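Engineer: mind folding the following:
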Amino acid sequence: MDRRRFLSASGFSLTAAFLAACNIDRSPRAQRLLDLAEHRNEGVERSLYRHASMNRAKDTAKIAGDAFPSYFVSNTVPVWDERVRGPWALEVSGLVQAPRRFSLADLRKLPFRSQRVDHFCVEGWNAVAVWQGVRLSDVARVVGVKPEAGYVDFQSFDDDYHESWDIESAMHPQTIVAYAMDNHMLGMAHGAPARVHSPVKLGYKNTKYLTKIVFLPQRNGGYWSDQGYEWYGGV
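Structural biologist: Numbering: from 1, shown residues only. Model (predicted):
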């Protein structure tokens, strides 16, 4: 996208959002303007985003380690209790040819991916960690994702937290189902037994405490997206 197109598109989106926000009575007209602004903003993001681009954390950036922030929506740290829920497994379903449940051992049999990348939070901070697991594209290949799948929903046992993504971002080479962090199995504070992680999406899109991955024909919102946060959430 050239400079003129970017300024034109983003300027329209910001103006529409401003006008809609000024209408405090939440009228249908205001909502239409907000929806239009979000649609145009997403168009700008998709135009800027290059699915072949790879994130590389700066060589001078330190691994956050124990200082890496943790977040969950439950009242306490979510813990998978096998005595109550049975053995943990990741269910992959929806528009796939062969739905399947993956145990942690099953995931570890798939091609291993390790990446030292940025984690961008919507609050403005950034942290670096080494995330390890399996590419989502490799999981998708095993279950045979159908061509009509345009979106993916990531669901968790953290008070039913979930977020849906566009299929292009989900299939990015750096989008992984992570089960380890900094060469250690994932801890409870960071989404154990497994979570989705990718530097191409803001942190709230990276669902922790993963239990289900569902391939869909259309988007279905998400925990924060349904509360007004941007749905696309691209970086």
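Engineer: now do the longest strand anywhere in the chain, average pLDDT.
Structural biologist: Secondary structure of the chain per DSSP state E: the longest strand is strand 126-135. Here strand 126-135 scores 98 as its mean pLDDT.
Engineer: what bridges to Asp118?
Structural biologist: Val128 (DSSP bridges).
Engineer: distance of it from Ser27?
Structural biologist: Per CB to CB, to the nearest Å, Asp118 is found 40 Å from Ser27. For every residue, glycine as well, the C-beta is placed using N, CA and C.
Engineer: for this structure, what spans make up the helices?
Structural biologist: Secondary structure of the chain (DSSP state H): helices at 3-22, 28-48, 82-85, 104-109, 136-143, 167-170.
Engineer: per-residue pLDDT, the closest residue to Leu136 other than its chain neighbours?
Structural biologist: Leaving aside its chain neighbours, Leu136 sits nearest to Thr175 (4.9 Å; criterion: CB to CB, 6 or more residues apart in numbering). pLDDT, Thr175: 98.
Engineer: Thr175 - how many residues pack around it?
Structural biologist: The number of residues packed near Thr175 is 23, by other CB atoms under 10 Å.
Engineer: OK, contacts around it?
Structural biologist: 135-137, 169, 196-198, 200-201 (CB atoms under 8 Å, 6 or more residues apart in numbering).
Engineer: need those residues in CSV (columns: neighbour count and distance to Leu107).
Structural biologist: Listed next are those as CSV, based on neighbours: other CB atoms under 10 Å; distance: CB to CB, whole Å:
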residue, neighbour count, distance to Leu107
Arg135, 21, 11
Leu136, 27, 11
Ser137, 16, 14
Ser169, 23, 20
Val196, 24, 12
His197, 28, 13
Ser198, 25, 16
Val200, 25, 21
Lys201, 24, 20
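Engineer: and the angle for the longest strand of the chain with helix 136-143?
Structural biologist: If you take axes from the mean of the first three to the mean of the last three CA atoms, to 10 degrees, strand 126-135 sits at 20 degrees to helix 136-143.
Engineer: what residues does strand 126-135 touch?
Structural biologist: Residues from elsewhere that reach strand 126-135 (CB under 8 Å, 6+ apart): 57-58, 61-65, 67-69, 107-108, 110-121, 173, 175-183, 194, 197.
Engineer: please identify the buried residues of that strand?
Structural biologist: Within strand 126-135, the residues that count as buried by 16 or more other CB atoms under 10 Å are 127-135.
Engineer: narrow the contacts of strand 126-135 to just the buried residues.
Structural biologist: Buried among the contacts of strand 126-135 (16+ other CB under 10 Å): 57, 64, 68, 107, 110, 113, 115, 117, 119-120, 173, 175-182, 194, 197.
Engineer: now intersect those with the strands, please.
Structural biologist: Checking the buried ones among the contacts of strand 126-135 against DSSP E, those in strands are 113, 115, 117, 119-120, 176-181, 197.
Engineer: now for these: which two are most distant?
Structural biologist: Using CB to CB, the two most remote members of those are Phe120 and Tyr179, lying 21.4 Å apart.
Engineer: quick revisit: okay if I get the buried residues of strand 126-135 as CSV plus distance to Ser156?
Structural biologist: Below are those laid out as CSV (distance: CB to CB, whole Å):
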residue, distance to Ser156
Ala127, 20
Val128, 24
Ala129, 19
Val130, 22
Trp131, 17
Gln132, 19
Gly133, 15
Val134, 17
Arg135, 19
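Engineer: and of these, the nearest to Leu95?
Structural biologist: Nearest to Leu95 among these: Arg135, at 18.7 Å, using CB to CB.
Engineer: bridging residues for the closest one?
Structural biologist: Here Arg135, judged by DSSP bridges, has bridge partners Ile176.
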